[in-house]
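In: Prediction below, plus the sequence it came from.
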Amino acid sequence: MAKTIMIIDDSASLRQVVGIALTGAGYEVIEACDGRDALGKLTGQKIHLMLCDVNMPNLDGISFLKALREVPAYKFTPVIMLTTEAGEDKKKEGQAAGARAWVVKPFKPEQLLLAVSKLILP
Amino acid sequence: MSTSWSNLVHVHPRSLLLCVLAWAGPWLGAGGAMGGFLLGFLCAALTVGLLLWVLPAPVAAAPVAAAPAPAPPGDPEPLARLTQAIVPLWSGQTAHARQETEQAVTALAARFAAMQQQLREATGGAHGSAAVNDAIEDGAGALFGILSALNETQDARTKHMAQINQLSSLTGDLSEMSLEVAAIASQTNLLALNAAIEAAHARELGKGFAVVAEEVRKLSERSGTTGNLITRRIESVNQVLAETLEETRAFQAEEDAIIERAGITINQVVQRFGDAAQALSDATEQLEGVNGRVQVQVGETLVHLQFQDRISQILGTVIADMEKFTDRLDGHATALDVDRWLTELAATYTTLEQGHIHQGLQAQTSLESDITFF
């Protein structure tokens, strides 16, 4: 049974790039174009990990992460922030909100997969 | 347009546009080839605006009448109108370029995704050569099994021939025994004849003995006849055995030749299939090598495609600042704090390069992943 990963990013091309890397590694992928869209797609199904952008319209990544932790089913779902933001303050903000890792774009697919395999739920 | 706005467009907007030109260009240039288009567009637009602005070279806070072509009373200052009109256009064009880049890169990523999928499928098909090798090995095993069975049959036939040879030697013994029986019959016949002679010499007293001698002679004749019959039958059997043996030998020789040819043919076929499989395997290995290299290149291309997201972020900042600038024009600002503007602008940066450029440093985009685990 393939594990499911949700990609939340307002850039369609970035979602595709990440999707290619993940599906190539055998994961199933759910896409969401921003935090609000992602919350709408949480229907209680098992999601083993989330990759989330920070700067997005409607609901940004940090706010989404805070909202996600309020949903019991996803309280402990590992979330990797995937962003162009490289500032330490933002990283600390993400960590405080419950992110497990911070990946600065651009990233190499194999290194992203390594981070995913390290954090994904069994 | 208020008087304060006239002052603003004569002094502060010039500084602002210079600032915008200074930081917008290098950001976009850092984005790659597609970013170069946007850079060209923005720089050209901003340069035209700047020239229009700089050429009159009005003095700070100078009255409108001091300009080379004074505007009629009540008419907004031309540069202010131009700025008010052109900045939204720049913003709109930049937003459009951003959207087109996003669409183009998304389509490009989709094509690379399809390519990568096809490459994976091609690799899956190439793995079929292993199945071909297995099938050839299985086939060769089955053929050699048949050859082995034929050889076993040949061995069994050789044993049968040995048994027939043994039987032939037994019939030789039987033939000698039948000749012995014939010789005994002949001797008995002679003995009966002598007994009859001796019975004749005894005249009346030898009559009974003569009858016995006659019966013995008859028995010896029958024994001799039977002995001859046995000899002829044995000769017949010997002849049949000899013919059978000869036919079997001929058949075995033919069969040996067939099995030998079959062995040679099987070896040749297996060798040919093995060569073909080896060639297929070599081609597959080569294909897999090429496939792997292409996949690596596609992967690297996908990494580079992420430039679009960075450009989008940078352009988003540029557009937002242009809109802010337009709002300030519409808002009849009484004064503009350039330092505050720049500080606020810096707070909107999302990439390290933006910060570097803001500080007048060279912007370089690293392709090494920066991952922090919490």
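Out: Okay, I see it. Numbering: from 1, shown residues only, chains lettered A, B, ... in the order given.
In: So which residue is smack in the middle of chain A?
Out: Taking CA atoms, centre = their mean, the centroid of chain A lies closest to residue A:51, which sits 1.5 Å from it.
In: Could you list the residues in contact with stretch B:225-234?
Out: Under the contact criterion CB atoms under 8 Å, 6 or more residues apart in numbering or on different chains, stretch B:225-234 has outside partners B:171, B:174-175, B:178-179, B:181-182, B:184-185. The way it works is simple: take the backbone N, C-alpha and C, and place the C-beta from them, glycine included.
In: Check stretch A:17-34 too.
Out: Outside of stretch A:17-34, the residues within contact range by CB under 8 Å, 6+ apart are A:2-10, A:12, A:15, A:38, A:40-41, A:47, A:51, A:56-59, A:64, A:82, A:109, A:112-113, A:116, B:109, B:112-113, B:116, B:120, B:299, B:302-303, B:305-306.
In: any idea of the mean pLDDT in it?
Out: Stretch A:17-34 carries an average pLDDT of 91.
In: Could you work out the end-to-end span of it for me?
Out: One end of stretch A:17-34 to the other measures 16 Å (CA to CA, to the nearest Å).
In: Would you mark the buried spots in that stretch?
Out: A:17-25, A:27, A:29-34 (16 or more other CB atoms under 10 Å in any protein chain shown).
In: Repeat that for stretch B:103-121.
Out: For stretch B:103-121, burial by neighbour count (16+ other CB under 10 Å) applies to B:105-106, B:108-109, B:112-113, B:116, B:119.
In: ok, and does stretch A:110-122 reach over to chain B?
Out: Yes: using CB under 8 Å from any CB of the partner chain, stretch A:110-122 comes into contact with chain B via A:110-112, A:115, A:118-119.
In: Next to chain A, which bits of the stretch 151-300 of chain B? Give me the list.
Out: Within the stretch 151-300 of chain B, the residues that sit near chain A (CB under 8 Å from any CB) are residue B:299.
In: low pLDDT regions in the stretch 151-300 of chain B?
Out: Residues of the stretch 151-300 of chain B meeting the criterion pLDDT under 70: none.
In: how close does residue B:149 get to residue B:254?
Out: 18 Å (CB to CB, to the nearest Å).
In: Report the contact partners of residue A:49.
Out: A:3, A:5-6, A:77-80, A:116, A:119-121.
In: just to revisit the earlier point, list the pairing partners of the strand or helix carrying the residue nearest to the centre of chain A within its sheet, with orientation.
Out: According to DSSP states H and E, residue A:51 maps onto strand A:49-52. Sheet pairing of strand A:49-52 (DSSP bridges) gives strand A:4-8 (parallel), strand A:79-83 (parallel).
In: following the first one, which helix or strand shows up next?
Out: So that's strand A:4-8. In the C-terminal direction, the helix or strand that comes right after strand A:4-8 (DSSP H and E) is helix A:12-24.
In: Next, the angle strand A:79-83 makes with that next one.
Out: 140 degrees (axes from the mean of the first three to the mean of the last three CA atoms, to 10 degrees).
In: Quick check: next helix or strand after helix A:12-24?
Out: For helix A:12-24, the following helix or strand on the C-terminal side (DSSP H and E) is strand A:28-32.
In: and the helix or strand following that next one, what does it pack onto?
Out: Note on strand A:28-32: by DSSP H and E, the next helix or strand toward the C-terminus is helix A:35-40. The helices and strands touching helix A:35-40, judged by 3 or more CB pairs under 8 Å, 6 or more residues apart in numbering or on different chains; DSSP states H and E, are strand A:4-8, strand A:49-52, helix A:61-68.
In: Just the buried residues of the last one, please?
Out: If you call a residue buried by 16+ other CB under 10 Å, then helix A:61-68 has these buried ones: A:61-62, A:64-65, A:67-68.
In: Format those residues as a markdown table; extra columns: distance to chain B and pLDDT.
Out: Shown next, in a markdown table, are these (distance: CB to the nearest CB, whole Å; pLDDT from 0 to 100):
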| residue | distance to chain B | pLDDT |
| --- | --- | --- |
| A:61 | 11 | 95 |
| A:62 | 13 | 95 |
| A:64 | 17 | 96 |
| A:65 | 12 | 95 |
| A:67 | 19 | 95 |
| A:68 | 15 | 95 |
